[in-house]
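> the following block contains a protein sequence and its predicted model.
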Amino acid sequence: MSNPADVEGGPDLKAQAAKPAKQPKPPSPHVPRFFAAIAIICLLAIPIAVPIAVMKVTGKSGRKWVSLEDAITGPDISEAPVANEEVTPEEVKESFLKVNGKSFERFCRPYYTAGFNAYELVEAAMVSRRAETVGDRSGAQIVDDTLRQAAARGINTVRMWAHTTTSLYPFQVSPGKYDERGLKSLDFVLEVARKYGLQVVLSFVDNWKYYNGVDQYVDWSNTAPNRTMASPFKDLVGDPTAAIYGTGPAGEELKKYETERHALFFSDPDARRFFKNHVAFLVSRNNSINGRLYRDDPTIIAWNLINEPRCENWLAANKDCNKRFQSWLTEMSTHVRSLDPNHLITVGSEGFFGDSTPELMQYNPQAWARELGQDFVMNTNLPNIDFATVHAWPDNWMLPQDKIPAFLDKWVQAHITAGANLSAGSKPVMFEEFGKKLDADQQTDWLIEQLRDPIYQSTYASVEKAIDADQPIAGSMFWKLAIPVFDGQDARGPYGVDDRDSTMQIIQDHAEFMKRKMNSVPPRPECGLGAWFGTLDQQSGERNCANVPAAATSFYTPANSSDDVGVKLAQDLKDGKALVFPTKAACCKPGTGAFPEGCSVPSRRLRRSL
């Protein structure tokens, strides 16, 4: 900038010269003190201002962690729901899932699963706010929000692993040695599920992932041969594929080696012993939040012995795999039953038909299905296997898109028919896993509607048709619910359904069908439970529930009832005009109960559900 004297309007130098010069004032002693005070205030403010600024960038912790390991702390138990149940002995007794002939029964009436798979819930609950998470929430808060939203949509069941799948989230770190962070996370998920009225299916071990999976049990064993080839699975992200073995003779040799070693899980003494110890540890685990032993917790409805077992008999060394796997199922199902008489037991397999039923092998996706060690009818016939499981992966099984709906319908119906005609008696069939694969570039609204939605619609139509026909179907669970934990994470992967996807409305409609089907039948009167109906005060808008036992009496024995209200409600149930619930707590649950928002009476007046 130019000097002011050089521009128009500058100072009058003549006038300035005519005046006596002013003597400069001495500097004020207050000015340095003022600036010193400002400096001191700024210094004092730094510890407050800097974290505030940093928090906007890195989250509540005010720190970016170098590695995720630092953020794996397990849930803050102080945030967990507190068990405060007031239940009658009859409610406790009848709250465990049972098999009554060809169907599930809970609270002395039919029960149908409308659920989802989310194997990583325990891992999510272990993440603290120190990680950069979605919404700056802890993993425990994300799990709570996820299960609350699922229940609000009418979903009633979740299937998950009773372990983790990577050492980043430690669980069983060596045979019989557990990391408390993983255990408390499992405790937390079970208690949150109870809080929202969700039931849980837990799987003891996974066939696919290395950590806490089949291959790790064999590597832990002292009675199995020592490894002579490095495992290709140990640090694998995702499930193994054929490409992991490599190509050429070396790849074929590695594949045979791993296939033979994997099958040792079902026969090796140490591997079997370690698994049995794991089972015993879990079923006798005392939940750190509610104080219940797992075997006494009706939130759990069933145990999967193993997720999608493989004992591949195409290899000469594994020719006895069918016999070996059947022996393992017999021993392990008997072991679980001896420790836990309260919960149902199932295999957890896809349900491939085997040599015991050659006439049914036509329904397998391809010829290789008979070479995996499974035999649906033989496996399900075991006395301590309470119900059958079926999984469907038509994309992985290389079926054409236009053939998938017809295949799924036949796949479901073939297993329902087989389950109804077992030599051990009819057993329910749960369609435990199904989904539709979409690649990353297909995860658009339009392609989800065109490719995924029709598969969900046709699958649910098959299940609903079987239920309407009173066939032995227990329900279904889709694979899988997408649970975003970290900022920038695409949690959907090839199969995940996001809460905003159009598929979610199809899932919710199916859950509503199952809810109406289940809640159109009251508990049998001899069980000593109630018949609870939603009530709405038209003036105050108060939502509540009322017990009308006469409705149950009229429903089952119309001739013995003289209660006009009971007779009317019983007829409404048969006509599909009303819903009934076994307890007041169940009636008042948001989503799964009588009202989407739940009851409006103070929670202290309600008994929490089991």
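That came through, no problem.
> ok, which stretches of this structure are strands?
Listed in chain order, the strands of the chain (DSSP state E) span 98-100, 103-105, 113-117, 157-161, 172-174, 177-178, 199-203, 300-304, 344-346, 388-392, 429-434, 473-479, 532-536, 543-547.
> measure how the last one sits relative to strand 532-536, angle-wise.
By that I understand strand 543-547. 140 degrees (axes from the mean of the first three to the mean of the last three CA atoms, to 10 degrees).
> so what strands line up beside strand 543-547?
Note on strand 543-547: by DSSP bridges, its sheet partners are strand 532-536 (antiparallel).
> re the thing from before, any chance of the strands of the chain in CSV, plus mean pLDDT, mean neighbour count and distance to M398?
Where C-beta positions appear, they are placed from N, C-alpha and C, glycine not excepted. Shown next, in CSV, are the strands of the chain (pLDDT from 0 to 100; neighbours: other CB atoms under 10 Å; distance: least, CB to CB, whole Å):
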stretch, mean pLDDT, mean neighbour count, distance to M398
strand 98-100, 93, 15, 35
strand 103-105, 93, 22, 33
strand 113-117, 97, 27, 22
strand 157-161, 97, 26, 25
strand 172-174, 97, 16, 35
strand 177-178, 98, 13, 39
strand 199-203, 98, 23, 26
strand 300-304, 97, 25, 26
strand 344-346, 98, 24, 27
strand 388-392, 97, 25, 13
strand 429-434, 96, 28, 16
strand 473-479, 96, 27, 18
strand 532-536, 94, 19, 48
strand 543-547, 94, 18, 50
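> can you lay out those as TSV showing distance to L190?
Below are those laid out as TSV (distance: least, CB to CB, whole Å):
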stretch	distance to L190
strand 98-100	20
strand 103-105	20
strand 113-117	15
strand 157-161	9
strand 172-174	17
strand 177-178	16
strand 199-203	6
strand 300-304	7
strand 344-346	16
strand 388-392	21
strand 429-434	19
strand 473-479	17
strand 532-536	25
strand 543-547	25
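> out of those, nearest to A466?
strand 473-479 (4.1 Å; CB to CB).
> where does the prediction get shaky in this protein?
Where the chain drops to pLDDT under 70, the residues are 1-67, 78-90, 235, 237-239, 560-561, 601-610.
> centroid residue for it?
Nearest to the geometric centre of the chain sits A118, at 3.2 Å (CA atoms, centre = their mean).
> residues contacting the closest residue in space to it that isn't next to it in sequence?
Using CB to CB, 6 or more residues apart in numbering and skipping the chain neighbours, the partner closest in space to A118 is L481 (4.9 Å). L481 sits next to 116-118, 146, 150, 496-497 when contact means CB atoms under 8 Å, 6 or more residues apart in numbering.
> next: Q489.
Residues near Q489 by CB under 8 Å, 6+ apart: V134.
> quick check: phi and psi at it.
phi -90, psi 130 (degrees, to the nearest 10).
> one step back: show me what the residue nearest to A118 bridges to in the sheet.
Bridge pairing for L481 (DSSP bridges) gives the partners V497.
> from G435, how far out is it?
Look at L481 and G435: by CB to CB, to the nearest Å, they are 10 Å apart.
> help me confirm that Q366 comes into contact with P394.
No. Between Q366 and P394 there is no contact under CB atoms under 8 Å: 10.8 Å.
> all helices for the stretch 351-500 of the chain, in order.
Using DSSP state H, counting those that start in this stretch, the helices of the stretch 351-500 of the chain run over 376-380, 404-420, 445-447, 453-468.
> convert the first one to PDB, retaining C-alpha atoms only.
Taking C-alpha atoms only, helix 376-380 is exported to PDB below (Å, rounded to 0.1, in the frame of the first residue of the first chain):
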ATOM      1  CA  PHE A 376     -30.000 -85.000   5.500                       C
ATOM      2  CA  VAL A 377     -32.300 -87.800   6.400                       C
ATOM      3  CA  MET A 378     -29.800 -89.900   8.200                       C
ATOM      4  CA  ASN A 379     -28.400 -86.900  10.200                       C
ATOM      5  CA  THR A 380     -31.800 -85.600  11.100                       C
END
